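>>> could you look at this predicted model? Sequence included:
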Amino acid sequence: MTETTAPRRVGDSVKSAARSALYLLSGFPLSLFWFVLFVTLLAVSVGTAIIWVGVFLFIATLFLARGAASLERIWLGIVMGHAVPQPYRRLPEGGPLTKLKRLVSDPATWRDLAFLVVLFPVRLFGFIFGLLLTVLPLPFLSAPFWYWTVPGGIQMNLAFSWSIDTLWESLLAVPIGVVLAVPCLAGLRGLGWVYGQLAAALLRPSSVQALATEATELRASRARGVDAAEAERRRIERDLHDGAQQRLVSVAMELGRAKAKLDTDPEAARVLIDGAHSEAKQAIAELRDLARGIYPAVLGDRGLDAALSALAGRCPVPVHVSVELPQRPPAVVESTAYYIVAESLTNVAKHAKAVTVAVTVQRHGDRVLVEVYDDGKGGATPQPGGGLAGLADRAATIDGVLTVESPVGGPTKIRAELPCAW
């Protein structure tokens, strides 16, 4: 351990213990409040159910339990750093009775209510031991202060009795307090971790619900991917019909007219042949651009680095490309990464007013991370049917995730995490 890392680790341990102490000590009065509130509400609801007042009060209690559990999730994330997602099913479209039926049938609602009721006895144990571990070293660490403050010396009555009558005895108590603080800090960290994990396990979505939510999102992303593929197919048909096909028809007509004039007016026939030649070259260029939009040849031949460098060369904004991959990923991952960068660079050129752009592709475990950063004006937000939303759908078709960070005033960072089986 170096001299610089040792104080840093000590500081991190103290900060972690302080967060644990804050969570353990603050959780007890809050859990006591929830316990008294919800036990009272449940008792009154049952007692007045015969006159229907209790039914409405019980429904209000369920809503209140959701709000209280959401506050617990927020507090757990702020103090202990545990990000706990909301476990609730999405409320369906319809009237109040439909939404109420979903609320009552959602297992997460009942888990929240049970958590808030049983939280008090569990946190009482944590509060007692957390308080003990917090205050145990303090009398020894503060002995010199109390020696100067209290006339006639001080008397410590812990597991033993110790009279401190001299300055040296008070100073001797400080290292004893430091020695005691080490296991106390470790105990606070461990106890806080256990209680944080317990709360997170009770408040987060169940494994079955998480799988159901993932399956629902996967079906939705697959449907969006199919819609995007169908829209791409229609675009290709439209581009062929309006572009290359029209030019090829024009070439055929020009050659037919030139053939008719070849014997009678060779000069006019030559002019028609030149025009047909020009139309054929433009049709070839349009077909090349269309093929590049489907799957660029350079991507298949030379890989992602060369393909992204070609994109950067065509971008009007200077682009720095960095691709750090130990080997080529599967073709579907390469093409998805390519189109994410291509669409992002197109948006930068059209809207961002950026000076520089940085494109980074690297491996992170079993994922390929793609980042496009620009120093433009920012304010980019995914809109339904827009280019960024289409990129998110394209990434979701292979179980990837795309995020956009673009505050007003910039900068903008588009980050995609694409799963990859190497």
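Yep, that arrived. Residues are numbered from 1 along each chain as shown.
>>> in a helix, Phe56, correct?
Yes. Phe56: assigned to a helix according to DSSP: H, G, I helix; E, B strand; the rest coil.
>>> give me the phi and psi angles of the most far-flung residue of the chain relative to its centre.
No residue in the chain sits farther from the centre than Thr264, which is 73.7 Å out by C-alpha atoms, centre = their mean. In terms of degrees, to the nearest 10, the main-chain angles of Thr264 are phi -90, psi -40.
>>> now do it, the pLDDT please.
Thr264 carries a pLDDT value of 80.
>>> go on, the one 10 residues further on?
The predicted local confidence for Asp274 comes out at a pLDDT of 79.
>>> what's the following helix or strand after the helix or strand where it lies?
Per DSSP states H and E: Asp274 is located in helix 266-294. Counting by DSSP H and E, the element after helix 266-294 in chain order, helix or strand, is helix 297-302.
>>> the strands in the stretch 51-200 of the chain, which residues?
Under the criterion DSSP state E, counting those that start in this stretch, strands of the stretch 51-200 of the chain are mapped to 154-157, 161-164.
>>> hmm, I typed the wrong one, I wanted the stretch 301-422 of the chain.
Applying DSSP E, counting those that start in this stretch to the stretch 301-422 of the chain gives strands spanning 319-324, 357-364, 367-374, 401-405, 412-419.
>>> between the shortest one and strand 412-419, how many degrees?
Strand 401-405 and strand 412-419 meet at an angle of 170 degrees, taking axes from the mean of the first three to the mean of the last three C-alpha atoms, to 10 degrees as the criterion.
>>> mind listing the strands strand 401-405 pairs with, and their directions?
Within its sheet, and counting by DSSP bridges, strand 401-405 is paired with strand 412-419 (antiparallel).
>>> what does the strand it pairs with contact?
329, 333, 336-337, 340, 344, 348, 352, 354, 364, 366-374, 376, 378, 380, 388, 391, 395, 398-406 (C-beta atoms under 8 Å, 6 or more residues apart in numbering). Heads up, the C-betas are built off the backbone N, CA and C, glycines and all.
>>> 6 Å instead, please
333, 336, 340, 344, 367-374, 378, 380, 395, 399-406 (C-beta atoms under 6 Å, 6 or more residues apart in numbering).
>>> which of the residues you listed count as buried?
333, 336, 340, 344, 367-374, 378, 380, 395, 400, 402, 404, 406 (16 or more other C-beta atoms under 10 Å).
>>> okay, and the beta partners of the nearest residue to Asp399 once chain neighbours are set aside?
Using C-beta to C-beta, 6 or more residues apart in numbering and skipping the chain neighbours, the partner closest in space to Asp399 is Pro419 (5.3 Å). Beta-bridge partners for Pro419, by DSSP bridges, are Arg367.
>>> mind checking how far Lys259 is from Ala268?
12 Å (C-beta to C-beta, to the nearest Å).
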